[in-house]
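sequence first, then the predicted structure:
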Amino acid sequence: MPAKRALIMHPKDNVATTVEEIQPGDPVEVSRGGEVRNLTAVEAIPFGFKIALEEIPQGATITKYGETIGKAGRSIARGALVHVHNLEGTRARGDLEGREKR
Amino acid sequence: MSFLGYKRSDGSVGTRNYVLVIPQGIIAKSICDFVAGTRTIQTVDHGSGRTAGDRERIARVLIGLGRNPNVASVIVHAASPGVGYPELTAERLADEIAASGKRVEVIDPAKDGGVYETITRGMKLARMMVYEASKLRRVEAWDEHLCLGVKCGYSDTTSGIAGNPAVGYLFDKIVKAGGTAFFGETTEIIGAEHALAKRAATPDVAKAILDAVAHREALAKSTGLDIRTINPVPANIKGGISSLEEKSLGAIYKAGTAPIQGVLQYAERPKGKGLYFVDNWMGAFSIFAGYAAAGSNLVLFQLGGGGLTGRTLLEGAPSIVAPFLWCTANPKTYAMARDNIDFYSGTVIEGKEDPEQAGERLYRTVIDIASGTLSRSETLVYTDPVDLYLEEPRF
């Protein structure tokens, strides 16, 4: 089976963006420039969503474009889908601040 | 490089050649429905019950649209509900537009014998003004006369990977040629502001960028909500964007790599040329009118669209006098809305082009449309009403 494709935006990233529909068990070829890495998807990942390039422990920084896009809300396996269910935003979190005192 | 445009007496160059009728309302709309080649603004924000600050914002929009290089001449009517405020008198609007050297006519029901008579007089004037404008010919103009504005919307992960980088290439090219380019959407640089501040032309500009974000983030926190329940919007999340930071980091690619010369308010005209950040809100019905008022003679909507389903007709361009381009890098969006898309950069995702090659194609598309080829949205009569970005309470 030919590998499905995903793109890395920056060498520091621990996620890549899929550019094909990926099924559980699919081999995934992750490329940036000439560099290619291979991994296996452990679950379905739709077009344009993110796949974890390594195991990401709960609370660890998730990096894309070489910058922080959030923290792992729970531990994420290599080859797993990274999205709102396991990635916590760190900015403009009014819910964590509580409402302003009146 | 150059395009074919309309030279104005203030030295600016238009990509279109309209007669503008302002402010909003039945008089302006009736004239524009009757006379070809005219434009007006449709909005419910007329100034009544608004603070001086917001009335000045409305005045900035109206005066700015009148001064836009795509406008040949202007009719101002004196029958808007806000007209009694000093910021919004017909005389003030007319004088400030006329300072650019354009012909401006004022029509007034109190002097012209009533509303019907004013509409009739406006129609007669508008027909003659459109006729006169049509005598002007396009001439070659350098790219320094282009003033672009961009927003990215319905963003998905194709926006950050391909669509926005192609726009960024275009912005770099226009800025390098001595032109002007606007980007904004303050909420949508939260998480990426440090990268933009590093590109500021002066320490004051860097501080202004960080201050704008700090203000907006504090407002967001005061809601007591996770920003993810507001923005990224559901279509972004459905398109693969997982946090505001991720959206922002992808969004700033559309600004290219040039130094940022300043931070502008909504509808504020820049003092010089180059790349500017505008402290505005992302709403398409709001942002493009602001860019046009600040002097944009062409605007772009970089569309993701991965979270849209079954929508084949996109909104009518709310940019009033500036031609409006739809761009996308999402193959599904392109397939779904092909009639409406002016530029496609999904080739980058398909591995057929790099972002620079796509950006070069986008540049040529922009030059064509600046020179008179219609954008897809310009082939529609329908345009959406405008929701001006006003910031203060109403009373």
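Arrived safely, thanks for sending.

from here on, just use CA atoms for contacts and neighbour counts.
Will do.

contacting residues for the nearest residue to residue B:16 once chain neighbours are set aside?
Take residue B:16 and drop its neighbours on the chain: the residue closest to it by C-alpha to C-alpha, 6 or more residues apart in numbering or on different chains is residue B:70, 4.6 Å away. Going by C-alpha atoms under 8 Å, 6 or more residues apart in numbering or on different chains, residue B:70 touches B:6, B:13, B:14, B:15, B:16, B:17, B:18, B:297, B:321, B:322.

let's see which of the residues you listed end up in strands.
Judged by DSSP state E, the contacts of residue B:70 include B:6, B:13, B:14, B:18 as members of strands.

let's verify residue B:4: helix, strand, or coil?
Look at residue B:4: counting by DSSP: H, G, I helix; E, B strand; the rest coil, its state is strand.

what is the burial count for it?
Neighbours of residue B:4 under the rule other C-alpha atoms under 10 Å in any protein chain shown: 21.

same thing with residue B:276?
24.

now do the most centrally placed residue in chain B, the pLDDT please.
Ranked by distance to the mean C-alpha position of chain B (C-alpha atoms, centre = their mean), the top residue is residue B:288 at 2.4 Å. Confidence at residue B:288, expressed as pLDDT, is 97.

quick check: closest non-adjacent residue to it.
residue B:319 (4.8 Å).

can I assume residue A:63 sits in a helix?
No: Residue A:63 is assigned strand when assessed by three-state DSSP, not a helix.

looking at it, it is touching residue A:12, isn't it?
Yes: taking contacts as C-alpha atoms under 8 Å, residue A:63 lies within contact range of residue A:12: 6.9 Å.

looking at the two, which one has more neighbours?
A direct count of neighbours by other C-alpha under 10 Å for residue A:63 and residue A:12 places residue A:63 higher, at 20 against 13.

ok, back up a step: check the spacing between the residue nearest to residue B:16 and residue B:14 real quick.
Residue B:70 is 4 Å from residue B:14, where distance means C-alpha to C-alpha, to the nearest Å.

same question, residue B:38
Using C-alpha to C-alpha, residue B:38 is found at 15 Å from residue B:14.

in what helix or strand does residue A:6 lie?
strand A:4-7 (DSSP states H and E).

residues contacting residue A:93?
So residue A:93 contacts B:220, B:221, B:224, B:225, B:226, B:227 (C-alpha under 8 Å, 6+ apart).

quick check: it vs residue B:223, distance?
Note on residue A:93: its distance to residue B:223, by C-alpha to C-alpha, is 9 Å.

on that earlier part again, between residue B:38 and residue B:14, point out the one with more neighbours.
residue B:14 (30 against 25).

now do the contacts for the closest residue in space to residue B:198 that isn't next to it in sequence.
Take residue B:198 and drop its neighbours on the chain: the residue closest to it by C-alpha to C-alpha, 6+ apart is residue B:206, 6.9 Å away. Residue B:206 is in contact with B:196, B:197, B:198, B:199, B:200, counting by C-alpha under 8 Å, 6+ apart.

for the chain, what spans make up the strands?
With no chain named, the answer covers chain A. Taking DSSP E, the strands of chain A run over residues A:4-7, A:15-18, A:27-32, A:35-40, A:50-52, A:61-64, A:67-72, A:81-82, A:87-88.

I was after chain B.
Taking DSSP E, the strands of chain B run over residues B:2-7, B:13-14, B:18-22, B:38-40, B:71-77, B:103-107, B:139-142, B:147-153, B:180-183, B:260-264, B:274-278, B:298-303, B:324-328, B:343-344.

mind putting those strands into a markdown table with mean pLDDT?
A markdown table is the format used below for these (pLDDT from 0 to 100):
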| stretch | mean pLDDT |
| --- | --- |
| strand B:2-7 | 98 |
| strand B:13-14 | 98 |
| strand B:18-22 | 98 |
| strand B:38-40 | 97 |
| strand B:71-77 | 98 |
| strand B:103-107 | 98 |
| strand B:139-142 | 98 |
| strand B:147-153 | 96 |
| strand B:180-183 | 98 |
| strand B:260-264 | 98 |
| strand B:274-278 | 98 |
| strand B:298-303 | 96 |
| strand B:324-328 | 96 |
| strand B:343-344 | 98 |
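
let me have those strands in a markdown table, extended by distance to chain A.
Below are the strands of chain B laid out as a markdown table (distance: least, C-alpha to the nearest C-alpha, whole Å):
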| stretch | distance to chain A |
| --- | --- |
| strand B:2-7 | 33 |
| strand B:13-14 | 37 |
| strand B:18-22 | 39 |
| strand B:38-40 | 38 |
| strand B:71-77 | 41 |
| strand B:103-107 | 46 |
| strand B:139-142 | 34 |
| strand B:147-153 | 16 |
| strand B:180-183 | 19 |
| strand B:260-264 | 20 |
| strand B:274-278 | 20 |
| strand B:298-303 | 14 |
| strand B:324-328 | 14 |
| strand B:343-344 | 16 |
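
which of those strands sits closest to residue B:337?
Of all the strands of chain B, strand B:324-328 sits nearest to residue B:337, with 9.8 Å by C-alpha to C-alpha.

now do the contacts for residue 96.
With no chain named, the answer covers chain A. B:224, B:226.

that's the wrong chain, I wanted chain B
Applying C-alpha under 8 Å, 6+ apart, we find residue B:96 in contact with residue B:63.

having no further points to raise, I will conclude here.
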